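Trainee: fold the following, please.
(chains A and B)
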Amino acid sequence: MNLRKLLKMIYRVYINFKKGILDPEAEAIKRTIDSMGYKTIKNISKGKFFDIEISSSKNTLGDLEKISSDLLSNPIIENFKIIKK
Amino acid sequence: MPKKVVSIVVFPGSNCDRDLDIAVQKYMDVNTELVWHDDPNIKNQEMIFIPGGFSFGDYLRSGALATKSPAMKEVIRLSKKGVPIIGICNGFQILTECKLLDGALIDNYKRLFICKENFVKIENKNTQFTKNIHKNVVQFPIAHAQGRFYTSEDNLKRLEDNNQIVFKYSSRDGKINKSENPNGSMNNIAGIINKNKNILGLMPHPERAVNFSEDNDGISFFRGLQNLL
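Mentor: Residues are numbered from 1 along each chain as shown, chains lettered A, B, ... in the order given. Sure, this is the predicted structure:
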């Protein structure tokens, strides 16, 4: 791994539905997996993630939290989690 | 006396703005101004419509990106001053994403795009938007893939207690049950109003129910809005 890549500051924001919200897409995928013959799959939840590269570490987490709650996720239906890559 | 002017905010991907424009001009007897989304000024502030369509391609979530448009920032500001605002379909989605209306509109429970005529019961006829509609049940087309109204149980109770639920999917004779619920919306909700009663959002399309005869229910919807101006 080169130094430039090491120095890149990338955060990943994961977003998924809150518990109890029916996700018909995940349900359909689960039914298909069931039909493939797998017997041990209990539940599937689907989500999405964004990789966000930043240019400065100043206020990064604060900004990312705001961006995640204000735009990337809808707090009524979704949770988000931010990790450093 | 010159006619009053109603504003219709248009986003990249809006596709019901022209239909709405025609219905509003014809049946509210007003002129309209189409406001492009990146215009931070809304000159005509007596009443604002947010039309249906696929603003910003429905990217991220339906309505999410539109909430940050300069015109929507102005709509949010004006909404606090009591300006009457109506969001139809994607307009309703935008208003919930702006938090001007409660809840969220998510994938239909069968994940299909539903396009059909639906009966809709007017649950609250004491709003400025619905008090002049003579019928109790109207027939409006619906056309959406993300119309399943969701909110927390507490919020749902609050909406019911405050009479903020304005439209519910129903049978022809106004019965509310699961079989008349096209998209899995909580309690068959098709449209709600905010607590201050100046912002209405609905998934059905009254502007598509004006074309074929004078009996079309969209006509009485728009005629009934004349009293707001």
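
Trainee: so who does B:Pro182 touch?
Mentor: Residues near B:Pro182 by C-beta atoms under 8 Å, 6 or more residues apart in numbering or on different chains: B:108, B:114, B:116, B:118, B:142, B:147, B:169. Every C-beta, even on glycine, is put in place using the N, C-alpha and C of the backbone.

Trainee: ok, the residues you listed vs chain A, which is closest?
Mentor: B:Asn108 (7.4 Å; C-beta to the nearest C-beta).

Trainee: which SSE is immediately downstream of whichever strand or helix holds B:Val35?
Mentor: According to DSSP states H and E, B:Val35 maps onto strand B:31-36. Next helix or strand after strand B:31-36 toward the C-terminus (DSSP H and E): strand B:48-50.

Trainee: now the following helix or strand past that following strand: average pLDDT?
Mentor: Downstream of strand B:48-50, the first helix or strand assigned by DSSP H and E is helix B:70-80. The average pLDDT within helix B:70-80 is 98.

Trainee: hmm, who's touching helix B:70-80?
Mentor: With C-beta under 8 Å, 6+ apart as the criterion, helix B:70-80 contacts B:9, B:35-42, B:45, B:48, B:50, B:66, B:85, B:94, B:98, B:100, B:194, B:198-199.

Trainee: whatever residue of chain B ends up closest to chain A - nearest residue in space that isn't next to it in sequence?
Mentor: Closest residue of chain B to chain A, C-beta to the nearest C-beta: B:Arg111 (4.2 Å). Nearest non-adjacent residue to B:Arg111, counting by C-beta to C-beta, 6 or more residues apart in numbering or on different chains: A:Pro24, 4.2 Å away.

Trainee: could you count how many residues lie near the one you found?
Mentor: Look at A:Pro24: counted by other C-beta atoms under 10 Å in any protein chain shown, it has 16 neighbours.

Trainee: got the phi and psi for it?
Mentor: phi -60, psi -30 (degrees, to the nearest 10).

Trainee: contacting residues for it?
Mentor: A:Pro24 neighbours (C-beta under 8 Å, 6+ apart): B:107-111.

Trainee: which one of those residues is nearest B:Asp19?
Mentor: B:Asn108 (22.0 Å; C-beta to C-beta).

Trainee: what does chain A have sitting close to chain B?
Mentor: A:21-25, A:28, A:71-72, A:74, A:76-77 (C-beta under 8 Å from any C-beta of the partner chain).

Trainee: low-confidence ranges, chain A, go.
Mentor: Residues of chain A meeting the criterion pLDDT under 70: A:1-6.

Trainee: which single residue of it approaches chain B most closely?
Mentor: Counting by C-beta to the nearest C-beta, chain A gets nearest chain B through A:Pro24, at 4.2 Å.

Trainee: so the residue nearest to the spatial centre of chain A, which state does it fall into?
Mentor: Central residue of chain A (C-alpha atoms, centre = their mean): A:Tyr14, 1.8 Å from the mean position. Following DSSP: H, G, I helix; E, B strand; the rest coil, we place A:Tyr14 in the strand state.

Trainee: which residues in the chain form helices?
Mentor: I went with chain A, as the question did not name one. Under the criterion DSSP state H, chain A contains helices at A:3-7, A:24-35, A:60-67.

Trainee: um, chain B though
Mentor: B:17-28, B:70-80, B:90-97, B:153-161, B:217-224.

Trainee: within range of chain A, give me the residues from chain B.
Mentor: B:60-61, B:64, B:67-68, B:96-97, B:103-104, B:106-111, B:150-152, B:184.

Trainee: now with 6 Å, please.
Mentor: Counting by C-beta under 6 Å from any C-beta of the partner chain, chain B comes close to chain A at B:61, B:104, B:107, B:109, B:111.

Trainee: and the third one, what does it touch?
Mentor: The one in question is B:Asp107. Counting by C-beta atoms under 6 Å, 6 or more residues apart in numbering or on different chains, B:Asp107 touches A:24, B:146.

Trainee: the first one now?
Mentor: B:Arg61 makes contacts with A:Asn74, as judged by C-beta under 6 Å, 6+ apart.

Trainee: follow-up on the earlier one: so which of the contacts of B:Pro182 comes closest to B:Ser220?
Mentor: Closest to B:Ser220, out of all of the contacts of B:Pro182 and judged by C-beta to C-beta, is B:Asn118, at 16.6 Å.

Trainee: pretty sure the closest one is touching B:Ile142, no?
Mentor: Yes - counting by C-beta atoms under 6 Å, B:Asn118 sits close enough to B:Ile142 to count as a contact (4.9 Å).

Trainee: any shared contact partners between these two?
Mentor: With C-beta under 6 Å, 6+ apart, B:Asn118 and B:Ile142 have no common neighbours.

Trainee: outside of stretch B:117-132, which residues touch it?
Mentor: B:136-142, B:163, B:165-170, B:172, B:174, B:182, B:190, B:193, B:197, B:200, B:204, B:224, B:228.
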